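Visitor: Starting from these lines, generate the structure:
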Amino acid sequence: MAIINQKPSVVTYDTSQAAYYADGNSANFGNYQFVSLIDIIKAFQVVYVGEGKLIDKASKTDIAFYAQRALAEMSFDTFKSVKAIEIEVPNTLLMTLPQDYVNYTKICYVDNSGIQHPLVPARVTSNPTNPSQTGTIGNENFIDAAADGDIDLESESDAWARYKALVPTENQNHDYDYDDDIYDANIGQRYGIDPAHAQINGSYYVDDKKGFIHFSSNISGKIVIVEYISDSLGTEAEMKVHKFAEEAMYKQIAYAILSNKFNASRASIVRLKKEARAAKRNAKLRLSNIKISEITQILRGKSKHIKH
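Guide: The predicted structure is shown next:
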């Protein structure tokens, strides 16, 4: 997008189609649907702050802080700021969490046809802290401590090492002896079984504290896609807001600033709170991207005659 006029406080752009495609910079493609956080902060300072306006006085630092907080909060449940990363799982069965990772939404592996197969979380195991126990007193093992008092920790716990060494079906089953009372007591319990315990796709364990995702042994060498939520904070180019949610950002910033002012009137705070909620609700509806034709197609797919 070519800059055609620039003044100390005003920058205008040539938004013609010729200039848009002539730049050859694919990073600009589709950017018209977004507004940068810097532009939102500048516009808010001009429109909302000043004598006779909603907020009589507010520093640019305060506005920037509340703008970033609003961006982070709305990224979790309004913007649906979901990113995806694809890796080939190494022999270590470990993946480092992305730099801007907050939480995951889906983890799956891709087969040779490009079809995604969901993995399930390993809820029956974990990777606890494993201190080294090489120190001995008599015949007993004790936890080692370095000279500075820090405890030596192993990189992986025995619990997870044993779990990942097995294939998924072995992870989910128990070592039943078919001639003992334990087996007899569990006959028929596959009825109503949790689907997570009846699959062969594989499993994973997210170690938030250490910053890794552990995969089961059958995932080694496969392509895995991790979809995760980010807070949208980063460089100036990365911090942007969809135009459907621009008004919600202004209302959220105004409510946050006014609610933290000591002398702000209660009536103004309550009014802004209601407006912020309404604007956020409208943004969610707009960003839901519901299309009548797609809903119709889904309903038609469900309207099938059930044979007896």
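
Visitor: When you work out contacts or count neighbours from here on, use the C-alpha atoms and nothing else.
Guide: Fine.

Visitor: Could you list the low-pLDDT ranges of the stretch 201-308 of the chain?
Guide: In the predicted model, the stretch 201-308 of the chain carries pLDDT under 70 at residues 302-308.

Visitor: all strands of it, in order?
Guide: 203-207, 212-215, 223-229, 240-242 (DSSP state E, counting those that start in this stretch).

Visitor: Which among the ones you listed is found nearest to residue 21?
Guide: Judged by C-alpha to C-alpha, the one of the strands of the stretch 201-308 of the chain that comes nearest to residue 21 is strand 240-242, at 21.5 Å.

Visitor: How many neighbouring residues does residue 227 have?
Guide: Around residue 227 there are 18 other residues, counting by other C-alpha atoms under 10 Å.

Visitor: show me the residues around the nearest residue to it once chain neighbours are set aside that make contact.
Guide: Once flanking residues are discounted, residue 227 sits nearest to residue 84: 4.2 Å by C-alpha to C-alpha, 6 or more residues apart in numbering. Residue 84 sits next to 225-228 when contact means C-alpha atoms under 8 Å, 6 or more residues apart in numbering.

Visitor: hang on, residue 84 in a strand?
Guide: Yes. According to DSSP: H, G, I helix; E, B strand; the rest coil, residue 84 belongs to a strand.

Visitor: one step back: now flag whichever of the contacts of residue 84 is closest to residue 209.
Guide: residue 228 (16.5 Å).

Visitor: Nearest residue to the closest one in space, please, no chain neighbours.
Guide: Nearest to residue 228 is residue 104, by C-alpha to C-alpha, 6+ apart, at 3.9 Å.

Visitor: And residue 116, by the same measure?
Guide: residue 110 (4.6 Å).

Visitor: If the one you found is in a bridge, with which residues?
Guide: residue 116, residue 223 (DSSP bridges).

Visitor: pretty sure it contacts residue 219?
Guide: No. The criterion here is C-alpha atoms under 8 Å, and residue 110 misses it with residue 219 at 10.2 Å.

Visitor: picking that back up, what's near enough to touch the residue nearest to residue 116?
Guide: 116-117, 222-225.

Visitor: So how do I select the buried members of those in ChimeraX?
Guide: Burial among these is assessed by 16 or more other C-alpha atoms under 10 Å; the matching ChimeraX selection reads:
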select :223,224,225
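
Visitor: So the spatially closest residue to residue 118 that is not a sequence neighbour versus residue 73, what's the distance?
Guide: With sequence-adjacent residues excluded and distances taken as C-alpha to C-alpha, 6+ apart, residue 118 is closest to residue 108, at 4.1 Å. From residue 108 across to residue 73, the span is 27 Å (C-alpha to C-alpha, to the nearest Å).

Visitor: the more surrounded of these two?
Guide: Between residue 108 and residue 73, counted using other C-alpha under 10 Å, residue 108 has the larger neighbour count: 22 against 14.

Visitor: Pull out the buried positions in the helix or strand where that one lies.
Guide: For residue 108, the host element (DSSP states H and E) is strand 103-110. For strand 103-110, the buried set under the neighbour-count rule, 16+ other C-alpha under 10 Å, comprises 103-104, 107-110.

Visitor: how much does that strand deviate in direction from strand 223-229?
Guide: Interaxial angle, strand 103-110 versus strand 223-229 (axes from the mean of the first three to the mean of the last three C-alpha atoms, to 10 degrees): 160 degrees.

Visitor: Format the CA atom coordinates belonging to strand 103-110 as PDB.
Guide: Extracted in PDB, the C-alpha atoms of strand 103-110 (Å, rounded to 0.1, in the frame of the first residue of the first chain):
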ATOM      1  CA  ASN A 103      -3.500 -22.500  25.800                       C
ATOM      2  CA  TYR A 104      -4.200 -25.100  23.200                       C
ATOM      3  CA  THR A 105      -7.400 -25.700  21.400                       C
ATOM      4  CA  LYS A 106      -6.600 -28.800  19.300                       C
ATOM      5  CA  ILE A 107      -3.700 -31.200  18.800                       C
ATOM      6  CA  CYS A 108      -3.700 -33.700  16.000                       C
ATOM      7  CA  TYR A 109      -1.500 -35.600  13.600                       C
ATOM      8  CA  VAL A 110      -1.700 -35.600   9.800                       C
END
